[in-house]
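In: Based on what follows, work out the 3D shape:
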Amino acid sequence: MTFRLVLTAAALFAVVAGLAACESTQETSQRLSRNSKKLLNVEGLKVTKRNAKIKVVSTATLHDQYGSAVFVELFNRGKTQRNVPIAVTLLDKKKKKVWDNSLAGLDSSLISAAAVEPGRSFWVNNQIQSPQTPRSAKAKVGISDTALKGALPRIVIKEDGLVDDVSGAYLAGVITNNSKIPQKRIVIYCISSSGNKIKAAGRAIIERLLPAPTKKPTLFRVYFIGNPEGGKLKCLAPPTTLTGA
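Out: Now for the predicted structure:
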């Protein structure tokens, strides 16, 4: 596998300031393994009971020289839910399991969605460590154990367009927190689609998104698995924090 350099928001600011800071997929995994238990699922994901309100509409797997990703489209026919478990199983062309996200020690964003609002939304996992190329996926949504208190902070994403570099195509943009609540480890999910086909998917993590108003814009780059060229781009960033300073 060819490891691609992934530039997070913090690293992007460093580049803007003239500093070199970037992280490969391998380095990301090593860093996540050193994070606190608050960020990691130390027991492994197990979904024994399906969510009655949030359904899986469709799934898609993507693969290129940089790795594999899975896309899960969701429909919530109820109220907003927080910290929603999402179990995914990837299959080969013979429908045999090649990978799932039940492994202990995964980052919480790789096994759950921070928030799922009413209507359609989606979730992406681009940190798949499968020895074989996945051909299809199954997904199951679990029950949230976190109550929603108050309204969700409003997060706005402005897409500046696709850029090609030596590490592949990425989407550049600006993310803005229009609330007074700082956001911690917020994930930006992006897809490129053509009709019902998902052409590419990716995500980026911003460690801290300051509340409004801010003096400087928060820039981001989302690198894709697959080819996003010519597709319709869509991004979302579910808020992770409802209270705190």
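
In: residues touching Ile155, list them.
Out: Residues in contact with Ile155 (CB atoms under 8 Å, 6 or more residues apart in numbering) are 175-179, 183, 186, 209, 237-239. C-beta here means a position set from N, CA and C on the backbone, and glycine is covered the same way.

In: how does it look with 6 Å?
Out: By CB atoms under 6 Å, 6 or more residues apart in numbering, Ile155 lies in contact with 177, 237, 239.

In: Could you export these as CSV, including neighbour count and distance to Ala201?
Out: As requested, these are exported to CSV (neighbours: other CB atoms under 10 Å; distance: CB to CB, whole Å):
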residue, neighbour count, distance to Ala201
Asn177, 25, 24
Ala237, 24, 14
Pro239, 21, 21
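
In: and which of those residues is nearest to Thr89?
Out: Using CB to CB, Ala237 comes nearest to Thr89 of those, at 25.8 Å.

In: So Ser144 is in contact with Thr80, correct?
Out: No: the criterion here is CB atoms under 6 Å, and Ser144 misses it with Thr80 at 9.7 Å.

In: Just want to know which of these two has more residues nearby.
Out: Taking other CB atoms under 10 Å, Ser144 and Thr80 do not tie; Ser144 has more neighbours (20 against 15).

In: coming back round to it: which neighbours do Ser144 and Thr80 share?
Out: Counting by CB under 6 Å, 6+ apart, Ser144 and Thr80 have no contacts in common.

In: how is the chain carved up into domains?
Out: The chain breaks down by automatic domain parsing into domains covering 5-25+150-236, 40-141.

In: And these, which one averages the lowest pLDDT?
Out: The minimum mean pLDDT among these belongs to domain 5-25+150-236 (a mean of 84).

In: how far out from the middle of the chain is it?
Out: 10 Å (CA atoms, centre = their mean, to the nearest Å).

In: any idea how far His63 is from Ser136?
Out: His63 sits 12 Å away from Ser136, going by CB to CB, to the nearest Å.

In: Check Lys216 too.
Out: 43 Å.

In: rewinding a little: filter the contacts of Ile155 down to the ones in strands?
Out: Per DSSP state E, strands hold the following members of the contacts of Ile155: Asn177.

In: Looking at the contacts of Ile155, which one is closest to Val163?
Out: Nearest member of the contacts of Ile155 to Val163, counting by CB to CB, is Ala237, at 19.3 Å.

In: Hmm, Ile188 and that closest one touching each other?
Out: Yes: assessed by CB under 6 Å, Ala237 is found in contact with Ile188 at 4.6 Å.

In: what residues are up against Ala200?
Out: Contacts for Ala200 (CB under 6 Å, 6+ apart) come out as 192, 224, 226-228.

In: Lovely, talk soon.
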